[in-house]
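Visitor: here is my input; please provide its structure:
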Amino acid sequence: MEITLHKLARTTPAIRKEIQQSKLTYKELARKFGVSVATIYRWKRRDNVHDRSHARKNLLSSLSSIQEHIVVELRKTLGLSLDDVTEVMRRCINPELTRSSIYRAMKRCGVAKRPQEVGLATWQCFEETTEPGYIHMDVKYLTKLGGKRSYVYVAIDRLTRYVYVEVLYNLESQTAADFVERFVVFFPYKVKKLITDNGFEWTDRCAGGIKDQATGTHPMDVVCNKHDIKHKLTKIRRPQTNGMVERFNRRINEAIEQKAKIDKNSGRNSFYTHEERNEFIKKFVNNYNNTRLRCLNYNTPVIMLYGNHAEYNTYAGVTFAVLGCFRRSGR
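Guide: Modelled structure (predicted):
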């Protein structure tokens, strides 16, 4: 077996073996080989002649084994960033933990590199806003239950990230217009701009062929004109322009997929009734609105909507820390 000596070693394996077998005193051996008594004492106590690792055996970590396990789960299961993991651990576990100690724990456990989603598109920044009222809207299709389809109409404010949803049962243009009307009444600030795709429920721009502009007679346009709202349409076949609400629709999908399946419909469904699914979606949205988000400086959308928001600017391209234990009182 090849023996690798420490570059500053004063003894060889042969000398170390002679020290272990010698009957001389520690001082006599130290004078004989020109080393300290401590070196003689060390090799006398060992049963081999090889150098040991110089890595510390007591890491003096500020995280317990349970806390370290939580850090690993937050990283691997939820894919949280280092800053998000640090915020969760400080709020929920130990406020004295430091960012560097959590990073060292990640390095030890092999999760320092954040897991990447396959095929994930690069982030694109939105135009920054300094006040609420710039709303992204979209419709998410839900699978049929009892032969009946339903749709989640979603509105999300760009500044506060507050989400408003309704589950409706058709894609009629008047239904979308009524949804906007109810949202305008609900939203506590002036709605200045709506961003939607080019679906027939939102615009007639693509009716009878793609046109540069909508006719202005669509029920959605009528509502926007009534409330002095600018209606902006995304580019054709470019949903990334409305990526903020598209990402939230994917969150709803992920939440439904994680729910346990039921026996009905060969185990492909997670709900027995529309009412049960609607309640699940409502609860999910409420939890999101009361979740502290990194992009909001770890405030909740509810706090941002109803509290003082003047000092905050939001930006796209950061991870949302959606975690149950991360939630605190939102109002």
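Visitor: make sure Thr160 is actually in contact with Glu131.
Guide: No: in this structure Thr160 lies outside contact range of Glu131 using C-beta atoms under 8 Å: 9.7 Å. C-beta: built from backbone N, CA, C; applies to glycine.
Visitor: which of those two has more neighbours?
Guide: More neighbours surround Thr160 than the other of Thr160 and Glu131, with 27 against 14 (other C-beta atoms under 10 Å).
Visitor: and that one, that one's in a strand?
Guide: No: the secondary structure assignment for Thr160 gives coil rather than a strand, going by DSSP: H, G, I helix; E, B strand; the rest coil.
Visitor: how's this structure carved up into domains?
Guide: In terms of domains, the chain is parsed into 1-54, 134-309 (source: automatic domain parsing).
Visitor: quick one, which of those domains gets closest to Asp84.
Guide: Nearest to Asp84, of all those, is domain 134-309, at 5.5 Å by C-beta to C-beta.
Visitor: for Asn94, which non-adjacent residue is spatially closest?
Guide: In space, not counting the residues next to it along the chain, Asn94 is nearest to Gln67; the distance is 6.8 Å by C-beta to C-beta, 6 or more residues apart in numbering.
Visitor: list the contacts for that neighbour?
Guide: With C-beta atoms under 8 Å, 6 or more residues apart in numbering as the criterion, the residues that contact Gln67 are Met89, Ile93, Asn94, Leu97, Ala105.
Visitor: most neighbours, which of those residues?
Guide: Counting neighbours by other C-beta under 10 Å, Ala105 leads these with 25 neighbours.
Visitor: wait, doesn't that residue sit right on Glu68?
Guide: Yes: taking contact to mean C-beta under 8 Å, the distance of 5.0 Å between Ala105 and Glu68 places them in contact.
Visitor: what do the two both touch?
Guide: Shared between the contact lists of Ala105 and Glu68 (criterion: C-beta under 8 Å, 6+ apart) are residues Ser61.
Visitor: where does the stretch 151-300 of the chain have low pLDDT?
Guide: Counting by pLDDT under 70, the stretch 151-300 of the chain shows low-confidence ranges at 239, 265-267.
Visitor: for it, just list every one of the helices.
Guide: With DSSP state H, counting those that start in this stretch applied, the stretch 151-300 of the chain shows helices at 173-186, 219-226, 243-258, 274-289, listed in chain order.
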